[in-house]
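[1] attaching a predicted model along with its sequence, questions to come.
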Amino acid sequence: MRLVRDARDDLIDTLRAQLVGTEAQLAEVCEALDALAIVPLLSFNIPCADLTCICAGASTSRGAPDLEITSLRDQLAAAVTRAEAAERDLSARSDELQSALTWEMRNSAEMTELS
């Protein structure tokens with residue numbers, strides 16, 4: 001067994017740190033998506049019956065949905081789309097880092113056996 005750290009060990013440590021950071025970002029994105037899912041219910045002070053109609057795009061008993069509500073709904077949809085894209089990107093990056101870490105650890109173990 002080798003006792004001296006080398007560049008491979010440093011790379012493994014770096015990959016582990018990046019993986020931990022990426023997984024933390026992914027968890028934050030998932031939490032943000034969960035929070036965004038309930039925003040329509042919390043952000044408008046609208047009776048539930050009217051909220052159902054607004055979410056469906058129908059007019060309410062008070063008339064058509066307010067332009068501000070429509071704008072906020074569009075902004076929310078855009079934010080959800082961006083968060084979902086970020087989640088996919090972070091998940092892919094996490095998979096890449098995990099693969100790189102596994103490959104590097106396997107190579108390190110092989111090099112140790114050959115030493």
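    Sure, I can see it. Numbering: from 1, shown residues only.

[2] rest of the way, CA atoms for contacts and neighbours
    Will do.

[3] which other helices and strands does the helix or strand containing residue 21 contact?
    Following DSSP states H and E, one finds residue 21 within helix 7-43. Judged by 3 or more Cα pairs under 8 Å, 6 or more residues apart in numbering; DSSP states H and E, the packing partners of helix 7-43 are helix 67-114.

[4] what residue ranges in this protein score low on pLDDT?
    Along the chain, segments meeting pLDDT under 70 span 1-4, 37-65.

[5] contacts for stretch 82-90 next, please.
    22-23, 25-26, 29-30, 32-33 (Cα atoms under 8 Å, 6 or more residues apart in numbering).

[6] buried residues in that stretch?
    83-84, 86-87, 90 (16 or more other Cα atoms under 10 Å).

[7] repeat for stretch 72-83
    By neighbour count on 16+ other Cα under 10 Å, the buried set for stretch 72-83 is 73, 76, 80, 83.

[8] dump the residues you listed to a markdown table, plus distance to residue 9.
    Formatted as a markdown table, these follow (distance: Cα to Cα, whole Å):
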| residue | distance to residue 9 |
| --- | --- |
| 73 | 49 |
| 76 | 44 |
| 80 | 39 |
| 83 | 34 |
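
[9] residue 12: which of the residues you listed is nearest?
    residue 83 (29.3 Å; Cα to Cα).

[10] would you reformat the buried residues of stretch 82-90 as TSV and include distance to residue 109?
    As requested, those are exported to TSV (distance: Cα to Cα, whole Å):
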residue	distance to residue 109
83	38
84	37
86	34
87	33
90	28
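
[11] what is the nearest of those residues to residue 7?
    residue 90 (26.2 Å).

[12] between which two of the buried residues of stretch 72-83 is the distance greatest?
    73 and 83 (15.1 Å).

[13] please name the residues that touch the closest residue to residue 11 other than its chain neighbours.
    Spatially, and ignoring its direct neighbours in sequence, residue 11 is nearest to residue 104 (7.9 Å; Cα to Cα, 6 or more residues apart in numbering). Counting by Cα under 8 Å, 6+ apart, residue 104 makes contact with 8, 11-12.
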